[in-house]
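*Asks:* generate coordinates for the sequence data below:
(chains A and B)
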Amino acid sequence: MKLRFLLPLALFGVIVAFLAVGLTRDPREVPSPLIDKPAPVFDLPQLAAADQRFTPESMKGRVWMLNVWASWCTACREEHPLLMELSKSKVIPLIGLNYKDQRPDALKTLARSGNPYQLSVHDLDGRVGINYGVYGVPETFLIDKNGVIRHKQIGPITAESWSQTILPLIEKLNQS
Amino acid sequence: MKRILVLLLLACASWIASAKEATPLAEDPVVEQRLIAISEEMRCLVCQNESLAGSRAGLAEDLRRELREMIRQGRSDEEIKTFMVSRYGDFVLYRPPLKPTTWLLWIGPFVLMAGAVAALLIYLRRRRGEEQPAELSNEERERARALLREGEET
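*Replies:* Numbers count the residues shown, from 1 in each chain, chains lettered A, B, ... in the order given. The predicted model follows:
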């Protein structure tokens, strides 16, 4: 007899637990199928020097980060100070993927607020972005010495995600 | 609003710039029809409640451009699906594939339904058992008769 009243309560508890877990998850963060896969190859002109090109192969043997950004991207400004600090500390080479941007606009942005990138490549039509599964700028890919994507940050890098997730992973990857 | 306009313009500009062999929509209705059929089954990752066919987000425009090109090259639906899934994951598909991680998603509702029907049947059967009128004992029958008689006399 008691079970009859406890059962709905238990069911209610299960539903609440599911919903509570659901609330802590961000539906905008879609897990990337590219994690632990080789970074897609590309060959793009550099932003600052259109006659020079860059391919991810040239980074082989080093742990590096590819940061997708654009001058029209407001959330990119949020992570910009952190990227500046990061580039000063030289923890990791940072390459920019300038996504669907006009060259003069992109260069103006870098000149105005500072350039944290070792270099940026210019992905005007967004094709490389598509190959990397980019759907919300900024996004950052952490790539290991063998050219395998090990982590993807969707949205701006925060002090928290940097110190708790990305930096420990970089240290681990640098050791291997 | 301004940003969206700029994005749209950019998307259009890049579309014109990259698609040399692009023909106006009306000239290639077969391609467009296939594009719509495929992209209606896919989610736009920018506005997650819109399909790739209906979304006006810059990324959706770009992806339609890619798919249009693949269709023109005569790629199969399966190849196009693989192209999308390998970049954005199963989440782009409105019909996720049946595999161990999605079993609960596909079979869960039927399991719940079966459980509910079973519970209902058990409940109904038990209630039927409870409601069967109990036989009256002789004593009770006497009492009932007496009560009825009382009613008649007044």
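
*Asks:* is any residue of stretch A:76-91 near chain B?
*Replies:* No - counting by Cβ under 8 Å from any Cβ of the partner chain, no contacts exist between stretch A:76-91 and chain B, the nearest distance being 12.9 Å. (C-beta placed from N, C-alpha, C; glycine too.)

*Asks:* okay, that stretch in CSV with CA atoms only?
*Replies:* Provided in CSV are the C-alpha atoms of stretch A:76-91 (Å, rounded to 0.1, in the frame of the first residue of the first chain):
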residue,chain,number,x,y,z
CYS,A,76,36.1,37.4,-29.9
ARG,A,77,36.8,40.7,-28.0
GLU,A,78,36.0,38.9,-24.8
GLU,A,79,38.9,36.4,-25.1
HIS,A,80,41.2,38.9,-26.8
PRO,A,81,43.0,40.1,-23.6
LEU,A,82,43.6,36.5,-22.6
LEU,A,83,45.0,35.7,-26.0
MET,A,84,47.3,38.7,-25.8
GLU,A,85,48.7,37.5,-22.4
LEU,A,86,49.0,34.0,-23.7
SER,A,87,51.1,35.2,-26.7
LYS,A,88,53.3,37.3,-24.4
SER,A,89,54.0,34.3,-22.2
LYS,A,90,54.9,32.1,-25.2
VAL,A,91,53.3,29.0,-23.7
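
*Asks:* pLDDT wise, what is residue B:4 at?
*Replies:* We note a pLDDT of 62 for residue B:4 in this prediction.

*Asks:* and residue B:49, what element?
*Replies:* If you go by DSSP states H and E, residue B:49 is not part of any helix or strand.

*Asks:* please report phi then psi for it.
*Replies:* Backbone torsions for residue B:49, taken as degrees, to the nearest 10, come to phi -100, psi 10.

*Asks:* which helices and strands does the helix ranked longest in chain B pack with?
*Replies:* Ordering each helix of chain B by length in residues (DSSP state H) puts helix B:103-131 first. On a contact count with 3 or more Cβ pairs under 8 Å, 6 or more residues apart in numbering or on different chains; DSSP states H and E, helix B:103-131 meets no helix or strand.

*Asks:* tell me the first helix or strand C-terminal of it.
*Replies:* Past helix B:103-131, the next helix or strand by DSSP H and E is helix B:138-153.

*Asks:* need the per-residue pLDDT for residue 32.
*Replies:* All of this refers to chain A. With respect to pLDDT, residue A:32 has a value of 89.

*Asks:* ah, I was thinking of chain B
*Replies:* 90.

*Asks:* could I get the full set of helices for chain A?
*Replies:* Under DSSP H, chain A gives helices at A:2-23, A:75-89, A:103-113, A:127-131, A:159-161, A:167-175.

*Asks:* hang on, the earlier thing: between the longest helix of chain B and helix A:2-23, how many degrees?
*Replies:* Counting by axes from the mean of the first three to the mean of the last three Cα atoms, to 10 degrees, helix B:103-131 lies at 160 degrees to helix A:2-23.

*Asks:* what's the most buried one of the helices of chain A?
*Replies:* helix A:127-131 (a mean of 20; mean count of other Cβ atoms under 10 Å in any protein chain shown).

*Asks:* what residues does that one touch?
*Replies:* A:40, A:42, A:44, A:68, A:97, A:99-100, A:121, A:123, B:18, B:62-63, B:66, B:87 (Cβ atoms under 8 Å, 6 or more residues apart in numbering or on different chains).

*Asks:* and which of these is nearest to residue A:6?
*Replies:* residue B:87 (47.9 Å; Cβ to Cβ).

*Asks:* who does the residue nearest the centre of chain A form a beta bridge with?
*Replies:* Nearest to the mean C-alpha position of chain A, counting by Cα atoms, centre = their mean, stands residue A:140 at 1.6 Å. Here residue A:140 sits in beta bridges with residue A:67, residue A:153, going by DSSP bridges.

*Asks:* now it: how far from chain B?
*Replies:* Look at residue A:140 and chain B: by Cβ to the nearest Cβ, to the nearest Å, they are 17 Å apart.

*Asks:* neighbours around residue B:46, how many?
*Replies:* 17 (other Cβ atoms under 10 Å in any protein chain shown).

*Asks:* C-terminal to the worst-scoring helix or strand of chain B on mean pLDDT, what's the next element?
*Replies:* Least confident helix or strand of chain B, by mean pLDDT, DSSP states H and E, is helix B:2-18 with a mean of 58. Sequence order places helix B:29-39 as the next helix or strand after helix B:2-18, per DSSP H and E.

*Asks:* now that next one: buried residues?
*Replies:* Across helix B:29-39, burial judged by 16 or more other Cβ atoms under 10 Å in any protein chain shown covers B:31, B:34-35, B:38-39.

*Asks:* now stretch A:140-157
*Replies:* A:140-144, A:147, A:149-157.

*Asks:* then stretch A:50-62?
*Replies:* Buried-residue list, stretch A:50-62, by 16+ other Cβ under 10 Å: A:54, A:56, A:59.

*Asks:* residues contacting the second one?
*Replies:* Neighbouring residues of residue A:56 by Cβ under 8 Å, 6+ apart: A:39, A:41-42, A:66, A:143, A:147.

*Asks:* any chance of those in CSV, plus pLDDT and distance to residue B:113?
*Replies:* Formatted as CSV, the contacts of residue A:56 follow (pLDDT from 0 to 100; distance: Cβ to Cβ, whole Å):
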residue, pLDDT, distance to residue B:113
A:39, 95, 45
A:41, 95, 48
A:42, 95, 49
A:66, 97, 47
A:143, 96, 46
A:147, 95, 48
